[in-house]
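Novice: predicted model follows, preceded by the sequence.
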Amino acid sequence: MRSIWNGAISFGLVSIPIKLMNATENHSVSFRQIHTEDGGRVRYRKVCELEEREVTSAEIGKGYEDADGSTIPITDEDLAALPIPTAKTIEIVAFVPADGIDPMQMDTAYYLSANGVPAAKPYTLLREALKRSQKVAIARFALRGRERLGMLRVVDDVIAMHGLLWPDEIRTSEGVAPDSQVKVREAELDLADALMDTLGEVDITSLHDDYRKAVEELIAAKAEGKGPAEPAAEADSGGGKVIDLMAALESSVRAAKSGRGGGKVAEVTPLGRGGGRKRAAAKTTSKTTSKTTPKEVGGKKSTAKKATAKKTPAKKTPAKKRTSA
């Protein structure tokens, strides 16, 4: 892996030379903007508004726009002169339990590699100390022109660092929750629990980006002069509609059960207003049905068909008379 930053971990009076590398990569398919009429590339050019001409990178600097609209130039020398002790150091400030970090603060992930043979011993010491304490290290560091907050933890035999957002960068959830006081019945919670149990667990490594695969197949087909594949019919998800929550939960449990190949899942009994009495009655009926012999079932079906056959002429006769009249 290519390092993007070289510095050191400051662990008390111990300094550990390290290299910083990106731990993640983006696999999204990227597109270029083109002119739809002739397919020509559309590019952005950096133009000075005052001179109305394109400028090179060497002519471009930084500036802060003030509240009155004026621009205050800031040079690289100005920024380099600022007293930032973490400019080339990941300074550990505390060790805390991992569950003390709000996942909302988690940002980009990096790997920290020991830089050189002398760094191997203190690097291993910090790694093993983190393992044994079952804690994570909170650190401050500077990257790409600003000071950041980080969390160091052990992944396999490597020290990884997650960039953390500063606490004041997390928005409050005020106004996000439903305004009205919504009450959830125990029966609905039971069905939700049953659905969770039915879906079970998943091996996260088995999940893939199906959309990216479809985009790549589309590009390959168009490169060969083929048209796009017919879009698959989408099932109605009921988005934007008022639905019967109980019916939706029951249908979800049945669908999840069939998707799992009919495996053993939590038993779900449809509930009505009768509460516990109806639950007990439903279980009793289920037991009675399971004891019924195949002959009895066949007999019941036969009787039902005969009864229907007898009633049908009686229903049709008055209908014919009204038509002829």
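Specialist: Perfect, I can see it now.

Novice: is it true that residue 27 touches residue 213?
Specialist: No. Residue 27 is beyond contact range of residue 213, at 10.3 Å (criterion: CB atoms under 8 Å). Heads up, the C-betas are built off the backbone N, CA and C, glycines and all.

Novice: kindly export stretch 114-131 (C-alpha atoms) in PDB.
Specialist: Only the C-alpha atoms of stretch 114-131 are listed here, as PDB (Å, rounded to 0.1, in the frame of the first residue of the first chain):
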ATOM      1  CA  ALA A 114       5.800   0.800  11.600                       C
ATOM      2  CA  ASN A 115       8.200   2.900   9.700                       C
ATOM      3  CA  GLY A 116      11.600   1.200   9.900                       C
ATOM      4  CA  VAL A 117      13.100  -1.600  12.000                       C
ATOM      5  CA  PRO A 118      13.600   0.500  15.200                       C
ATOM      6  CA  ALA A 119       9.800   1.300  15.200                       C
ATOM      7  CA  ALA A 120       8.800  -2.400  15.400                       C
ATOM      8  CA  LYS A 121       9.300  -2.900  19.100                       C
ATOM      9  CA  PRO A 122       7.400   0.200  20.400                       C
ATOM     10  CA  TYR A 123       4.700  -0.400  17.700                       C
ATOM     11  CA  THR A 124       4.200  -4.000  19.000                       C
ATOM     12  CA  LEU A 125       4.200  -2.800  22.600                       C
ATOM     13  CA  LEU A 126       1.300  -0.300  21.900                       C
ATOM     14  CA  ARG A 127      -0.600  -3.000  19.900                       C
ATOM     15  CA  GLU A 128      -0.300  -5.600  22.600                       C
ATOM     16  CA  ALA A 129      -1.200  -3.000  25.300                       C
ATOM     17  CA  LEU A 130      -4.400  -2.100  23.400                       C
ATOM     18  CA  LYS A 131      -5.300  -5.800  23.000                       C
END
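
Novice: what's that stretch in contact with?
Specialist: Stretch 114-131 has contacts (CB atoms under 8 Å, 6 or more residues apart in numbering) with 6, 9, 11, 14-19, 95, 112, 136-137, 152-154, 157-159.

Novice: swap in stretch 43-58?
Specialist: residue 60.

Novice: and the gap between residue 249 and residue 181?
Specialist: Plainly put, residue 249 is 21 Å away from residue 181 if you go by CB to CB, to the nearest Å.

Novice: who's more crowded, those two?
Specialist: residue 249 (22 against 5; other CB atoms under 10 Å).

Novice: could you measure from the more buried one over to residue 226?
Specialist: 43 Å.

Novice: shaky segments in the stretch 51-200 of the chain?
Specialist: 85-86 (pLDDT under 70).

Novice: between residue 27 and residue 213, which one's more packed in?
Specialist: Legend: neighbour count by other CB under 10 Å for residue 27 and residue 213, higher for residue 213 (11 against 7).

Novice: which helix or which strand is home to the more buried one?
Specialist: Assigned by DSSP states H and E, residue 213 falls within helix 210-223.

Novice: got the contact list for that helix?
Specialist: So helix 210-223 is in contact with 27-29, 227-229, going by CB under 8 Å, 6+ apart.

Novice: mind doing that once more with 10 Å?
Specialist: Contacts to helix 210-223, defined as CB atoms under 10 Å, 6 or more residues apart in numbering, come from residues 27-29, 31, 209, 226-229, 231-232.

Novice: what's the average pLDDT for that helix?
Specialist: Per-residue pLDDT over helix 210-223 has a mean of 85.

Novice: now find how far off-centre it is within its chain.
Specialist: 22 Å (CA atoms, centre = their mean, to the nearest Å).

Novice: over to stretch 61-77?
Specialist: Taking CA atoms, centre = their mean, one finds stretch 61-77 lying 38 Å from the centre of the chain it belongs to.

Novice: now do the strands in the chain.
Specialist: 5-11, 14-22, 47-48, 53-54, 62-65, 71-74, 89-97, 106-114, 135-143, 146-155, 158-164 (DSSP state E).

Novice: any chance of the ones you listed in a markdown table, with mean neighbour count and distance to residue 244 too?
Specialist: Output for the strands of the chain, formatted as a markdown table (neighbours: other CB atoms under 10 Å; distance: least, CB to CB, whole Å):
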| stretch | mean neighbour count | distance to residue 244 |
| --- | --- | --- |
| strand 5-11 | 18 | 55 |
| strand 14-22 | 18 | 48 |
| strand 47-48 | 11 | 59 |
| strand 53-54 | 9 | 62 |
| strand 62-65 | 11 | 54 |
| strand 71-74 | 10 | 59 |
| strand 89-97 | 15 | 43 |
| strand 106-114 | 18 | 37 |
| strand 135-143 | 20 | 45 |
| strand 146-155 | 17 | 44 |
| strand 158-164 | 19 | 42 |
